[in-house]
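K.L.:
Structure, please.
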Amino acid sequence: MSDSPRNSRRNRLFLFGAVASLAGALVIGSAVASDGWSPGSCDREWTAEEARAKADVVAGRVLGRVDATDEQRDAVDTILDEAVPRLVVARAANKQDREAWKAALTAETVDRAALEELRSAALESAEEMSEAGLDVVVDLAEVLDADQRSELVEFAETFTGRHGRSR
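P.N.:
Below is the predicted model:
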């Protein structure tokens, strides 16, 4: 593979994707994942403690894959201590937002202004979560060394399809 700007950009995108996958697996997944994929299994509310316990399991698997040191594991724990409770709160707020959309769309008359307010609030919330998610991705990436991040890139490339099923 040559070091053309296009390939360099592709490599950076794969690296970002791998680290984002790690963040997703550790944080977002832990906040919304369940013990299975049965209908409605992701709809139940998770406590911060349940989500953190799930994050510990996922973190252990991912960090074991890259032979993380005890110091790296401690750093990831610190990141998760802060991130998981915020995401649990955001998930609960998202559920309330869905209920507001449902109520607005099933009302006797459609209130365009109310729907616009919901849309605007949803965009603002998505922007806040995107920024927070990027912070977590960067924090996690800084914990790992270049070889570990490369290993995650290779691992992330094996995923395809719905729910990240391996090839």
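
K.L.:
Next, the buried residues of the host helix or strand of Asp74.
P.N.:
Element membership of Asp74 [criterion: DSSP states H and E] is helix 70-106. Buried residues in helix 70-106, defined by neighbour count with 16 or more other Cβ atoms under 10 Å: 72, 75-76, 79-80, 83-88, 90-91, 94, 100. For glycine as for every other residue, the C-beta is placed from the backbone atoms N, C-alpha and C.

K.L.:
for those residues, which one is nearest Val58?
P.N.:
Closest approach to Val58 among the buried residues of helix 70-106 (Cβ to Cβ): Leu80, at 9.5 Å.

K.L.:
just to revisit the earlier point, kindly spell out which helices and strands sit in contact with the helix holding Asp74.
P.N.:
helix 29-32, helix 48-65, helix 112-143 (3 or more Cβ pairs under 8 Å, 6 or more residues apart in numbering; DSSP states H and E).

K.L.:
Any idea which of the ones you listed gets closest to Glu157?
P.N.:
Using Cβ to Cβ, the nearest of the helices and strands packed on helix 70-106 to Glu157 is helix 48-65, at 13.7 Å.

K.L.:
Which elements pack onto that closest one?
P.N.:
When contacts are defined as 3+ Cβ pairs under 8 Å, 6+ apart, helix 48-65 packs onto helix 29-32, helix 70-106, helix 146-156.

K.L.:
Can you report how many residues neighbour Val57?
P.N.:
By other Cβ atoms under 10 Å, 11 other residues sit near Val57.

K.L.:
pLDDT below threshold where in the chain?
P.N.:
In the predicted model, the chain carries pLDDT under 70 at residues 1-44, 160-167.

K.L.:
any idea how far Leu144 lies from Gln72?
P.N.:
The gap separating Leu144 from Gln72 is 7 Å, by Cβ to Cβ, to the nearest Å.

K.L.:
Let's have the helices and strands packed on helix 70-106 in a markdown table, adding distance to Thr158.
P.N.:
Listed next are the helices and strands packed on helix 70-106 as a markdown table, based on distance: least, Cβ to Cβ, whole Å:
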| stretch | distance to Thr158 |
| --- | --- |
| helix 29-32 | 17 |
| helix 48-65 | 11 |
| helix 112-143 | 19 |
